[in-house]
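Peer 1: Give me coordinates for this.
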Amino acid sequence: MNQWLLTLLLRAITRLLPADRRDEYLRDWLAEYDAEPYPFLKALSFLPAAYHMRTPFEVRPEDVTRVHPLDRLLLAQGKFIWAFVAFTFVSLLLLLLAFGGWTPDSMTWLISAAMFLIYSGGLIRSGWGVDFPWLRMTRAGSFIQLILVLGSFTVIANEPPHWVGSGALLTIYTVWTWTAYWGVHRPLKKRGLLSR
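Peer 2: This is a model prediction of the structure:
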């Protein structure tokens with residue numbers, strides 16, 4: 001099952017490459033997994049290289065269309081989560097200042113919440129300032145996003161260390177919010193599996 005999923009993920013990544021080089025790279029990348037303890041992380045590490053070797057992807061003027069309602073909903077839920085964490089952060093900070101209940105756990109939570117607020121605030125405001133139309137407009141790009149979301153659920157279900165579960169939830173939040181941001185601010189007609 002893992003080998004099948006890995007092959008599908010690598011095939012999706014090679015879709016970035018020119019058609020005449022895909023099979024060669026897929027064969028080479030699959031050959032590197034015999035002694036690899038984390039094959040899916042290794043597969044994702046090929047994504048930047050594949051993106052730099054990609055076939056140019058142009059967005060045509062006729063591809064721009066109206067905003068999809070689901071994009072608005074996902075962006076709104078991202079803002080709601082941000083506001084909820086910010087409210088909880090400020091409330092907990094005031095309680096700790098008033099009653100002096102500083103513990104290592106509360107300090108850890110405050111630091112991680114502050115990092116999340118800074119990160120997610122930037123993501124909601126500007127989508128990191130970078131759009132990858134291929135990732136949102138093609139079925140292969142949407143498949144990569146879908147693997148990231150489903151893979152995150154799989155990681156959480158396996159009862160990993162606490163930080164891995166947090167990272168998986170952050171991955172889900174990032175994929176949905178980033179996709180929704182560019183769906184609202186630069187809507188596109190052609191949509192893939194996850195890009196609506």
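Peer 1: In which helix or strand does the residue nearest the centre of the chain reside?
Peer 2: What sits nearest the mean C-alpha location of the chain, by C-alpha atoms, centre = their mean, is Val175, with 3.2 Å. Val175 is part of helix 162-185, with elements assigned from DSSP states H and E.
Peer 1: what's that helix packed up against?
Peer 2: Where contact means 3 or more C-beta pairs under 8 Å, 6 or more residues apart in numbering; DSSP states H and E, helix 162-185 is packed against helix 69-99, helix 104-126, helix 133-137, helix 139-157. In this view, the C-beta of every residue, glycine as well, is placed from N, C-alpha and C.
Peer 1: Which residues outside the last one are in contact with it?
Peer 2: By that I understand helix 139-157. Under the criterion C-beta atoms under 8 Å, 6 or more residues apart in numbering, residues 5, 8-9, 11-13, 15-16, 40, 47, 132, 134-136, 164-165, 167-169, 171-172, 175-176, 179, 191-195 lie in contact with helix 139-157.
Peer 1: residue furthest from the geometric center of this protein?
Peer 2: Furthest out from the centre of the chain (C-alpha atoms, centre = their mean) sits Phe99, at 38.4 Å.
Peer 1: mind checking how far that one is from Leu93?
Peer 2: According to C-beta to C-beta, to the nearest Å, Phe99 and Leu93 sit 12 Å apart.
Peer 1: Please identify the buried residues of the lowest-mean-pLDDT helix or strand in the chain?
Peer 2: None of the helices or strands of the chain scores lower by mean pLDDT, DSSP states H and E than helix 39-45, at a mean of 75. By neighbour count on 16 or more other C-beta atoms under 10 Å, the buried set for helix 39-45 is Pro39, Phe40, Ala43, Leu44.
Peer 1: TSV please, covering these and showing distance to Leu110.
Peer 2: As requested, the buried residues of helix 39-45 are arranged in TSV below (distance: C-beta to C-beta, whole Å):
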residue	distance to Leu110
Pro39	36
Phe40	32
Ala43	35
Leu44	30
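Peer 1: that older thread, next SSE downstream of the least confident helix or strand of the chain?
Peer 2: In N-to-C order, the element after helix 39-45 by DSSP H and E is helix 47-52.
Peer 1: which residues make contact with that following helix from outside it?
Peer 2: If you take C-beta under 8 Å, 6+ apart as the criterion, helix 47-52 is touched by Ile13, Thr14, Leu16, Leu17, Tyr25, Phe132, Ile144.
Peer 1: Then stretch 15-34?
Peer 2: With C-beta under 8 Å, 6+ apart as the test, stretch 15-34 has contacts from 6-7, 10-11, 14, 39, 42-43, 46, 50-51, 53-55, 134, 138, 140-141.
Peer 1: Can you pull out the low-pLDDT segments for this structure?
Peer 2: Applying pLDDT under 70 to the chain picks out residues 1-2, 34-37, 57, 60, 62-63, 158-161, 195-196.
Peer 1: ok, Leu10 - how many residues close by?
Peer 2: By other C-beta atoms under 10 Å, the residues close to Leu10 number 23.
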